[in-house]
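*Asks:* would you be able to build a 3D model of this:
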Amino acid sequence: MRCFVSVELTDEIKSNIAKIIEEIKRDYPEIKWVKPGNLHLTLKFLGWVKDGQQKNIIKTLDGATKDIRALKLKVSGCGVFPSPTRPRVVWLDIAEGAEPIRKIAGTIDDALGELGYKKEEREWQAHITIGRVREPKQARGLFEKLRSCEKQEFGEMVVERISLMESKLSPKGPTYLEIRNWKLDNSRN
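*Replies:* Residues are numbered from 1 along each chain as shown. Below you'll find the model as predicted:
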């Protein structure tokens with residue numbers, strides 16, 4: 001099964017993001033847009049996980065998440081990776097809480113690295129993927145269009161848990177199922 005570790009977003013944030021996706025989608029229907037129900041913040045993509053490895057992943061995440069405190073996130077602004085002239089990923093920014101969430105992603109990356117999962121080569125950047133550009137010609141003028149949402153706010157939330165998710169692929173797109181979640185320490189918030 002394909003798996004990833006994530007922060008699941010509130011319904012309110014997903015709804016606010018869905019509105020901007022619909023707005024941009026009118027001009028860029030050929031971009032592969034993320035369905036509102038699938039919106040999340042990926043902390044670590046694991047890829048294919050053999051059935052026997054799932055228990056080790058859960059045990060590792062039990063240890064890696066035990067001292068993580070709940071934190072506040074604010075989703076605001078947008079951009080593209082890797083560059084405005086060659087966009088491949090359309091994303092929303094984490095305007096508040098990016099540094100603590102980056103540290104959490106690093107802790108999870110290190111812990112799962114001990115199990116043999118490839119560690120991130122580039123510095124991890126907190127973001128929410130909302131679309132993937134398949135062909136560069138599909139994105140002509142996209143960066144200029146995104147300037148309209150550069151300062152737009154999509155909501156705030158307290159991250160109270162981290163989830164291990166399974167991604168089931170189908171011709172209609174992926175379906176995400178939560179395998180397990182870890183409640184974060186909320187005692188000092």
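
*Asks:* all contacts plus neighbour counts: C-alpha atoms, from now on.
*Replies:* Noted.

*Asks:* gap between the two ends of stretch 113-131?
*Replies:* Length of stretch 113-131, first residue to last, Cα to Cα, to the nearest Å: 28 Å.

*Asks:* what comes up buried for that stretch?
*Replies:* By neighbour count with 16 or more other Cα atoms under 10 Å, stretch 113-131 contains the buried residues 117, 119, 126-131.

*Asks:* in CSV: those, plus secondary structure, distance to S167 and pLDDT.
*Replies:* CSV is the format used below for the buried residues of stretch 113-131 (DSSP: H, G, I helix; E, B strand; the rest coil; distance: Cα to Cα, whole Å; pLDDT from 0 to 100):
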residue, secondary structure, distance to S167, pLDDT
Y117, coil, 17, 92
K119, coil, 20, 89
A126, coil, 20, 93
H127, strand, 19, 95
I128, strand, 16, 97
T129, strand, 15, 97
I130, strand, 16, 96
G131, strand, 17, 95
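
*Asks:* from those, pick the one nearest D67.
*Replies:* D67 has its nearest neighbour among these in A126, at 20.2 Å by Cα to Cα.

*Asks:* can you pull the contacts of that closest one?
*Replies:* By Cα atoms under 8 Å, 6 or more residues apart in numbering, the residues touching A126 are 41, 93-94, 98, 101-102.

*Asks:* reformat those residues as a markdown table; add neighbour count.
*Replies:* Below are these laid out as a markdown table (neighbours: other Cα atoms under 10 Å):
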| residue | neighbour count |
| --- | --- |
| L41 | 19 |
| D93 | 21 |
| I94 | 23 |
| A98 | 19 |
| I101 | 24 |
| R102 | 16 |
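
*Asks:* what about those residues, which are in helices?
*Replies:* Secondary structure assignment by DSSP state H places 98, 101-102 of these in helices.

*Asks:* take these and lay them out in a markdown table including pLDDT and distance to P29.
*Replies:* As requested, the ones in helices among the contacts of A126 are arranged in a markdown table below (pLDDT from 0 to 100; distance: Cα to Cα, whole Å):
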| residue | pLDDT | distance to P29 |
| --- | --- | --- |
| A98 | 94 | 30 |
| I101 | 96 | 32 |
| R102 | 96 | 32 |
